[in-house]
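Trainee: Need coordinates for the below:
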Amino acid sequence: MSWLLPLAIVLATVAVMELVAYSVHRWIMHGPLGWGWHKSHHDEHGDHQGGFEKNDLYGLIFAVIAAGLFIFTSGWLWWVAVGMSVYGVIYLLMHDCLVHQRWPFRAIPRKGYLRRVYQAHKMHHAVEGRDGCVSFGFVYAPPLDQLKDQLRRGGALRRDEDKAAAQDR
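Mentor: As a prediction, this is how the structure comes out:
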């Protein structure tokens, strides 16, 4: 039974990290203070140095926090560092590898949960600039119809019939 508490701490930390990541992504990265680094991630022709972009500094900050917890704490906080690291690996695999294919991971999911996350993040990038974006989480993706409605209301996505009419012109 001694492994149940550490496991619970790790799983709870992974869940909390998704909330932290959503909040940081929504209000810091897309806010006036954090957009300077995050813009590199939204700009296809932006500042990419050897496969890295300024936006990667956010991941480095979280890694330093987790490393600090590993080095300077013990007990339950050490397990929080494990949970943060697990979330970091999930983020790397899902966001950088699966969605943005920044590593040699060239599969595009065709159905299910991974497809929903993939499409939700692509919708996040459907908007130019920092305003009007949708879907700020990295592990949870809202229903795609909800995201499409939000993009339509913001003017970033037109209805299918509008698209068809625009193509006929």
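
Trainee: Quick check: A66 vs F136, distance?
Mentor: According to CB to CB, to the nearest Å, A66 stands 21 Å off from F136. Glycine gets a C-beta too; all of them are placed from N, C-alpha and C.

Trainee: Kindly report the same for S40.
Mentor: Counting by CB to CB, the gap from S40 to F136 is 17 Å.

Trainee: which residue is nearest the middle of the chain?
Mentor: When CA atoms, centre = their mean is applied to the chain, the residue found nearest the centroid is F138 (3.4 Å).

Trainee: Quick check: that residue touching L19?
Mentor: No - contact criterion CB atoms under 8 Å: F138 and L19 do not qualify, at 10.9 Å.

Trainee: Please enumerate the strands of the protein.
Mentor: For the chain, applying DSSP state E gives strands covering 48-49, 52-53.

Trainee: Can you flag the weakest of those by average pLDDT?
Mentor: With a mean of 62, strand 48-49 has the lowest mean pLDDT of the strands of the chain.

Trainee: so what's F52 bridging to?
Mentor: For F52, the beta-bridge partners are Q49 (DSSP bridges).

Trainee: Run a quick neighbour tally on it.
Mentor: Neighbourhood size, F52 [other CB atoms under 10 Å]: 13.

Trainee: same deal with H124?
Mentor: H124: 21 surrounding residues under other CB under 10 Å.

Trainee: One more: the one 4 residues further on?
Mentor: For E128, the count of nearby residues is 11 (other CB under 10 Å).

Trainee: Please list all residues in contact with it.
Mentor: Listed by CB atoms under 8 Å, 6 or more residues apart in numbering, the contact partners of E128 are H42.

Trainee: And V86, by the same measure?
Mentor: V10, T13, V14 are the contacts of V86 under CB under 8 Å, 6+ apart.

Trainee: Read off the pLDDT value for the first one.
Mentor: Per-residue pLDDT puts V10 at 98.

Trainee: can you pull the contacts of the residue nearest to it when sequence neighbours are not counted?
Mentor: Leaving out its chain neighbours, the residue that sits closest to V10 by CB to CB, 6 or more residues apart in numbering is G83, at 4.2 Å. Residues counted as contacts of G83 (CB under 8 Å, 6+ apart) are I9, V10, L11, A12, T13, V14, V16, M17.

Trainee: State the distance from G83 to I61.
Mentor: Per CB to CB, G83 is found 17 Å from I61.
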